[in-house]
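>>> Sequence unavailable; structure follows:
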């Protein structure tokens, strides 16, 4: 029986410990079952690498972009039969060139993907016409011993936690509906609108909770006012600080710091890494640094195959800014 690449990929995800954001079920949740595809690199019937991606269509354009609420997509490699050093680098380069050519055959107008920070050399894509843009995320490499993690927090963060612990309560029972409404309300305070739909959030929440890989943490005062809330997802290797919201009326209460600390303690028994995800906002990045994080560079790779689509994107950026 001949299986499609997507059917093979679903089977692969059941057999191998692929990263959370590359899992077929995650792609189903964030893209929709029929809106994503995958390319495989096989040798002797063995899948050596895979690239799942979201395909969007607008007017006459077809393009690949990063799914919402998904830090990275990009490539998965099976290094089991590859030695380290030069052999590993050659293996990666060969596969990147192969996928770049295969993606070109799809006649797409634009391709845009974030690759995981573990993939440090993406020059094979650059040679194939992609532009490389460095971005930064902030990571605690090992949260298995929370007290040691706490000792690496800045003095200010420790002070915030001690202050908040005496005044606020941590709650793990906020519903998805309540969390989304709180996020909308917090953004409205800043005259901003939410960028993802309720349907998308519920899809991610339900798929993740079904697999025991999601958590909402909220922090309240004695009157029941929610000061801050956040949503985390994880796999066996890493957790992700996916969404957070803080009520401006309580920004100085220390709730947001307490919320992160409680999440780290909870997740310490479930995974190894805590990824704050990157931020282009300097104040947010500086806050992440105070949790004793390490900066990790990851790459956004993109390529325009249509001058008209590039013009459309540039006009849209100017309007949004």
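Cool, got the structure. In this text, all values refer to a predicted model and were calculated from it rather than measured experimentally.
>>> and the longest strand for the chain?
Looking across the chain with DSSP state E, the single longest strand is strand 46-58.
>>> Give me the helices and strands touching that one, please.
Applying 3 or more CB pairs under 8 Å, 6 or more residues apart in numbering; DSSP states H and E, one finds that strand 46-58 contacts helix 5-15, helix 24-31, strand 36-43, strand 61-65, strand 76-77, helix 86-104. No exception for glycine: its C-beta is placed from N, CA and C like everyone else's.
>>> Quick one: closest of these to residue 229.
Proximity to residue 229 (CB to CB) singles out helix 24-31 among the helices and strands packed on strand 46-58, at 20.4 Å.
>>> How many residues are close by residue 18?
By other CB atoms under 10 Å, the residues close to residue 18 number 19.
>>> Relative to residue 257, which of the helices and strands packed on strand 46-58 is closest?
Per CB to CB, nearest to residue 257 of those: helix 24-31, 28.6 Å.
>>> what's the spacing between the closest one and its chain's center?
Distance of helix 24-31 from its chain centroid, counting by CA atoms, centre = their mean, to the nearest Å, is 13 Å.
>>> rewinding a little: what's the angle from the longest strand of the chain to helix 86-104?
40 degrees (axes from the mean of the first three to the mean of the last three CA atoms, to 10 degrees).
>>> Buried residues, strand 46-58. List them.
Across strand 46-58, burial judged by 16 or more other CB atoms under 10 Å covers 47, 48, 49, 50, 51, 52, 53, 54.
>>> how about residue 67, what does it touch?
Counting by CB atoms under 8 Å, 6 or more residues apart in numbering, residue 67 makes contact with 27, 30, 31, 36, 54, 73.
>>> how close does the third one get to residue 187?
Right, the one you point to is residue 31. The gap separating residue 31 from residue 187 is 24 Å, by CB to CB, to the nearest Å.
>>> For the protein, which residues score under the pLDDT cut-off?
1, 280, 319-321 (pLDDT under 70).
>>> Need the nearest residue in space to the residue most central in space within it, chain neighbours excluded.
The chain has residue 71 as the residue nearest its centroid, 2.4 Å off, counting by CA atoms, centre = their mean. Leaving aside its chain neighbours, residue 71 sits nearest to residue 277 (5.4 Å; criterion: CB to CB, 6 or more residues apart in numbering).
>>> before we move on, back to that, show me what the longest strand of the chain is in contact with.
Contacts with strand 46-58, where a contact means CB under 8 Å, 6+ apart, come from 8-9, 12, 18, 22, 24, 27, 30-31, 35-42, 62-67, 73-78, 81, 91, 95, 99, 103, 108, 113.
>>> Drop anything exposed from those residues.
Using 16+ other CB under 10 Å as the burial test, the contacts of strand 46-58 include 8-9, 12, 18, 22, 24, 27, 30-31, 36-41, 62-64, 66-67, 73-78, 91, 95, 99, 103, 108, 113 as buried.
>>> Now do the SS call for residue 112.
strand (DSSP: H, G, I helix; E, B strand; the rest coil).
>>> Burial check on the closest residue to it other than its chain neighbours, number of neighbours?
Counting by CB to CB, 6+ apart, residue 112 lies nearest to residue 302, which is 4.1 Å off, once chain neighbours are set aside. Applying other CB under 10 Å, we find 19 other residues in the vicinity of residue 302.
>>> Neighbouring strands - and their directions - for whichever strand or helix holds residue 302?
Using DSSP states H and E, residue 302 maps to strand 294-304. Using DSSP bridges, strand 294-304 pairs in its sheet with strand 110-115 (antiparallel), strand 131-140 (antiparallel).
>>> Now tell me what touches the last one from outside.
Residues lying outside strand 131-140 but in contact with it, judged by CB under 8 Å, 6+ apart, are 71, 114, 117, 122-123, 125-126, 149, 152, 264, 273-278, 285, 288-289, 291-303.
>>> Quick one: residues contacting residue 196.
68, 69.
>>> should've said residue 291
By CB under 8 Å, 6+ apart, the contact list for residue 291 reads 138, 140, 152, 153, 154, 157, 260, 276.
>>> so it is in which element?
Per DSSP H and E, there is no helix or strand for residue 291.
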